[in-house]
Structure formats: C-alpha cells, structure tokens
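Student: What follows is a predicted protein model with its sequence.
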Amino acid sequence: MSRSIEYGNLMHDAMRGLIRQVLLDVAANGLPGNHHFFITFDTEHPDAELADWLSDRYPGEMTVVMQHWYDKLEVTEEGFSVTLNFGDAPEPMYIPYDAIRTFVDPSVEFGLKFEQQDTPARKSDTLTQKDARELEVAEESPKAAEIVSLDSFRK
C-alpha cells in the first residue's frame, strides 16, 4: 500500500495553529494597535455554535469582526468562543478552527484562506488581494499587499 505526505493537511493544521496562537495572545493581552480580524466561517459546521437567528440569517457562511468590542474570548485546542455585538445584542458563539474559511487582519495586510474540502486532500492558499478587499469594510490599505500563492510551490 502506497502512502504519501499530505502537505495540504499539514499546511491547514499549521495555519490553524497560527490562528490559535494569535487568539491566545489576544485573549491574554487584548488587540494591539490597529489590529482587528475578519473571520469567515461555516455556520453549518456541526460543532459551530451560534444563535438560531444568526444561523438563519447567514446560512452556510458568516463573517464576524473582532475589533472594538468583543467579550469572553476563550481559546481551546479545537476552536474559540467569543461574545460579539450584533446591533446592541451581545451574542455568544463558538467557532471550531476547522470551520474557518478565511482569517484576515487588514491592519497588516495578512490573510489566510482555507479552500473548501470537496476533495480528500485539502488545499490551502493565502487570500488574493480581491478576496481581502472584499472582506475589508470601507477600509483602504495604504500600500498593495504581496500575495504569495502556494500553488507555485506545488508540483
């Protein structure tokens, strides 16, 4: 039986570990400077927990922003929970790392994109400039981001 190194899976695990480390730091010390996050996740993931009205309003996918107001950020090995404000209505939610589709910090032009897991081997890539700009809500970057595609390193 032939086996192969699952680079796509390993890269996804490493990228999720990076998100976990960033969130652990934010939980301990708060968001530094102008840092803030746009996190898009699968609302239908079996382990995601959010209010029914939110999952009804955002079937399939939702982008949340962690910036000015968030509360009760708790980070675990499998995901994180946080309370966010939706029109003066604080709502707790739990987001597993493997439900995350994009993680963007536009303050430093950093973004991760997890491709859909339609195939057995998962692939990962960084966000394109177009994807990152679509997530930036009325915020212009002073300089263009350098986006590196992992496809150029694949054979």
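Tutor: Ah, there it is. Numbers count the residues shown, from 1 in each chain.
Student: Which strands or helices does the helix of greatest length in the chain pack on?
Tutor: Taking DSSP state H as the criterion, the chain has its longest helix at helix 7-29. In this structure, helix 7-29 packs against strand 70-75, strand 100-105, strand 110-114, strand 124-126, with contacts taken as 3 or more Cβ pairs under 8 Å, 6 or more residues apart in numbering; DSSP states H and E. Heads up, the C-betas are built off the backbone N, CA and C, glycines and all.
Student: Next, the buried residues of stretch 45-52.
Tutor: The neighbour-count check on stretch 45-52 (16 or more other Cβ atoms under 10 Å) flags 45, 48, 50 as buried.
Student: per-residue confidence for the second one?
Tutor: The score at Ala48 is 95. That number is its pLDDT.
Student: okay but it is in contact with Pro96, surely?
Tutor: Yes. Shown here, Ala48 and Pro96 form a contact pair, counting by Cβ atoms under 8 Å, at 6.3 Å.
Student: and the most centrally placed residue in the chain, what are its bridge partners?
Tutor: Ranked by distance to the mean C-alpha position of the chain (Cα atoms, centre = their mean), the top residue is Phe103 at 2.9 Å. Per DSSP bridges, the residues bridged to Phe103 are Ile39, Leu112.
Student: Do I have it right that it meets Leu112?
Tutor: Yes. The criterion here is Cβ under 8 Å, and Phe103 meets it with Leu112 at 4.7 Å.
Student: any residues in contact with both of those two?
Tutor: Shared contacts of Phe103 and Leu112, defined by Cβ atoms under 8 Å, 6 or more residues apart in numbering, are found at 15, 19.
Student: re earlier: identify, from the buried residues of stretch 45-52, the entry nearest to Thr76.
Tutor: Distances from Thr76 to those, taken as Cβ to Cβ, are shortest for Ala48 (13.7 Å).
Student: which one is the closest one nearest to, not counting chain neighbours?
Tutor: Ala99 (5.0 Å; Cβ to Cβ, 6 or more residues apart in numbering).
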